[in-house]
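# take a look and give me a structure for this.
(4 chains)
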Number of protein chains: 2
Amino acid sequence: MAEREYASARDMLTAYEERCANTDDGIIMRELLDRIGDKWALLVIGTLAFGQLRFGDLRAHIPGVSQRMLTITLRHLERDGLVTRTAFAEIPPRVEYALSPLGHSLVKPASALATWAIERIPEIRAARAHFDADT
Amino acid sequence: MAEREYASARDMLTAYEERCANTDDGIIMRELLDRIGDKWALLVIGTLAFGQLRFGDLRAHIPGVSQRMLTITLRHLERDGLVTRTAFAEIPPRVEYALSPLGHSLVKPASALATWAIERIPEIRAARAHFDADT
DNA sequence: CGGGATCCTACTCGATACTG
DNA sequence: CAGTATCGAGTAGGATCCCG
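Predicted structure coming up:
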């Protein structure tokens, strides 16, 4: 961002807002966070990035997720076309979940963010400790 | 992800878990989302990416944010070292907010995600409409 | 101007129990 | 096995009022 030269930060902001006026950044970010900002969605996507899995396996690979929340998360991801659900009419039932092409396209930017987090978390924790120190 | 060849998705998952065993992906992602996953944090960061701003200006540039939530969001970001706060002892008071180096380092991965969202939102909306159609 | 303190509501999420 | 249904605690976030 901010490749061009501007007279002031205000000018940059104006240019930024003109550029984004037709898309409305806020709404977009809200829709994005509604899908991947919840507690489990990114973990599900990260896990499915390696291949399709059954419901129970998925749950076993994501420590702490409840049956209910995994179901809800998967429904949301399925609704938004990020994950495909394939049910087999067998006894006992079997359901396979996999990333759709759209879902796969999210893996790269998402793991970029994850990499940032893993690298910077120590800094963040230090900053937090320092901030809390002088109350 | 998944550059190597594996006999099965399960093998990939096992390798993945071994690689991440010491960092615990889930905790990291949770900490990350606790900071940028809330309703306003990413918008604040995106706005401050262009330069420092006063509280009132920041609020004016982020439609819909309440005074309270902007304050809380800024405190969280400040606590985690992503944003710096500079108060000037003047009448009337003036407070400038700016991204720290750590905050700036988040801009690139975050805007990558934003770009993904802007490009893919049409697909997602279509998928959602289709999913809702056959209830 | 830049907040802090309060109240209040709606929603999230976990635990538990039941079903095809 | 893979869900659905229900209940309850906790919390996010908006509205409002006040202060230095």
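# tell me, what's the model's pLDDT at the nearest residue to A:His104 once chain neighbours are set aside?
Spatially, and ignoring its direct neighbours in sequence, A:His104 is nearest to A:Ala49 (7.3 Å; Cβ to Cβ, 6 or more residues apart in numbering or on different chains). C-betas here are computed from N, CA, C, even on glycine. The per-residue pLDDT reported for A:Ala49 equals 95.
# surely A:Ala49 and A:Val107 touch.
Yes: if you go by Cβ atoms under 8 Å, A:Ala49 and A:Val107 touch, sitting 4.8 Å apart.
# let's verify the residue of chain A found nearest DNA strand D: helix, strand, or coil?
Scanning chain A for the residue nearest DNA strand D gives A:Gly56, at 2.9 Å (criterion: Cβ to the nearest atom of the strand). At A:Gly56, secondary structure determined by DSSP: H, G, I helix; E, B strand; the rest coil is helix.
# kindly report the same for A:Leu113.
helix.
# so who does A:Glu31 touch?
Contacts for A:Glu31 were tallied using Cβ atoms under 8 Å, 6 or more residues apart in numbering or on different chains; they are B:117, B:121, B:124.
# more neighbours, A:Ala49 and A:Val107?
Legend: neighbour count by other Cβ atoms under 10 Å in any protein chain shown for A:Ala49 and A:Val107, higher for A:Ala49 (21 against 18).
# quickly find the element holding the closest residue to A:Asp38 other than its chain neighbours.
Spatial nearest neighbour of A:Asp38, excluding adjacent residues (Cβ to Cβ, 6+ apart): A:Thr73 at 6.9 Å. Using DSSP states H and E, A:Thr73 falls within helix A:67-79.
# also A:Thr86?
Judged by DSSP H and E, A:Thr86 forms part of strand A:83-88.
# now swap in A:Val95 and tell me
strand A:94-99.
# mean confidence score for that strand?
98.
# and the contacts of that strand?
For strand A:94-99, the surrounding residues in contact (Cβ under 8 Å, 6+ apart) are A:45, A:48-49, A:51-55, A:58, A:74, A:82-88, A:107.
# can you rerun that using 10 Å?
Residues outside strand A:94-99 that contact it (Cβ atoms under 10 Å, 6 or more residues apart in numbering or on different chains): A:44-45, A:47-58, A:70, A:74, A:77-78, A:82-88, A:104-107, B:9.
# hmm, it touching DNA strand C?
No: against DNA strand C, strand A:94-99 shows no contacts by Cβ under 7 Å from any atom of the strand, the least distance being 9.8 Å.
# what angle separates that strand from helix A:67-79?
60 degrees (axes from the mean of the first three to the mean of the last three Cα atoms, to 10 degrees).
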